[in-house]
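# Have a look; sequence and predicted model below, questions after that.
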Amino acid sequence: MTAALETVLARAGLKVTASQFLSLVEDAAKKLTSPPADPAAHFSAAERLALTDAGLDLAPLADTELDPRARTVAEQAVLRDTALSVNQAAERIGVDSSRIRHRIGDRRLIGWKDRGGWRLPAWQFTDNDVLPGLESVLAAMPIDQPALVLANFMATPQEDLELGDRAVSPREWLMAGGSPQQVADLAATIGMPA
């Protein structure tokens with residue numbers, strides 16, 4: 001198990017041991033609440049009828065069904081493991097660490113406090129700079145959205161962003177020189193009902 005996990009982590013480019021990764025997964029799982037044993041128990045009979053009429057399945061998970069929280073736990077662990085410290089971000093873009101903290105304060109970079117220090121999602125950076133157009137995109141992103149939601153948005157192909165004949169993620173679009181305003185317009189709708 002450990003060797004297989006270390007192989008997967010290495011292929012994914014994650015610089016973490018299997019033990020460290022499993023610790024991150026355990027941490028993320030502990031932060032989630034347990035799903036209710038019977039989701040229908042939270043609703044009145046009339047509400048259950050309306051929800052099931054609308055096509056929602058209120059049955060508890062079967063023993064053979066994958067817990068939907070598992071993907072979120074894994075994504076959260078990867079986001080946390082790949083995030084940069086202030087010093088790592090400063091080194092990557094060639095500035096003093098105080099400049100990184102200023103950028104966080106001005107919302108020109110985003111991050112979260114974890115174990116006494118800032119962690120900055122890696123999607124905001126190229127190999128030696130910040131993502132082109134990042135300031136415009138961050139200015140449009142709702143500030144009430146969790147880091148994982150923003151990371152998933154930046155990594156998920158959007159039908160409004162095409163390179164050649166395929167939809168690309170906002171990050172890929174910006175790396176290819178696409179208009180930051182197009183990404184900002186999409187980012188402004190994060191968390192809004194479709």
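On my side now, so go ahead.
# these two touch, right, residue 190 and residue 144?
No. Applying CB atoms under 8 Å as the test, residue 190 and residue 144 come out as separate, 9.5 Å apart. The way it works is simple: take the backbone N, C-alpha and C, and place the C-beta from them, glycine included.
# more crowded one of these two?
More neighbours sit around residue 190 than around the other of residue 190 and residue 144, counting by other CB atoms under 10 Å; the figures are 15 against 8.
# just checking, what packs against the helix or strand where residue 88 lies?
Of the helices and strands defined by DSSP states H and E, residue 88 is found in helix 86-93. Secondary structure elements in contact with helix 86-93, counted by 3 or more CB pairs under 8 Å, 6 or more residues apart in numbering; DSSP states H and E, are helix 97-105, strand 117-120.
# what's next to that helix, contact-wise?
For helix 86-93, contacts defined as CB atoms under 8 Å, 6 or more residues apart in numbering pick out 84, 96-97, 99-101, 109, 117-118, 120, 125, 127-130.
# how about a cut-off of 10 Å?
Helix 86-93 is contacted from outside by 83-85, 95-101, 103-104, 109, 111, 117-120, 122, 124-130, using CB atoms under 10 Å, 6 or more residues apart in numbering.
# and if you look at stretch 144-153?
By CB under 10 Å, 6+ apart, the residues outside stretch 144-153 that reach it are 28, 72, 75-76, 78-80, 82-83, 110-112, 119-124, 137-138, 141-143, 169-171, 183, 186-187, 189-191.
# From these, keep the buried residues only.
The neighbour count (16 or more other CB atoms under 10 Å) marks 28, 72, 76, 78-80, 82-83, 110-111, 119-124, 137-138, 141, 169-171, 183, 186-187 as buried among the contacts of stretch 144-153.
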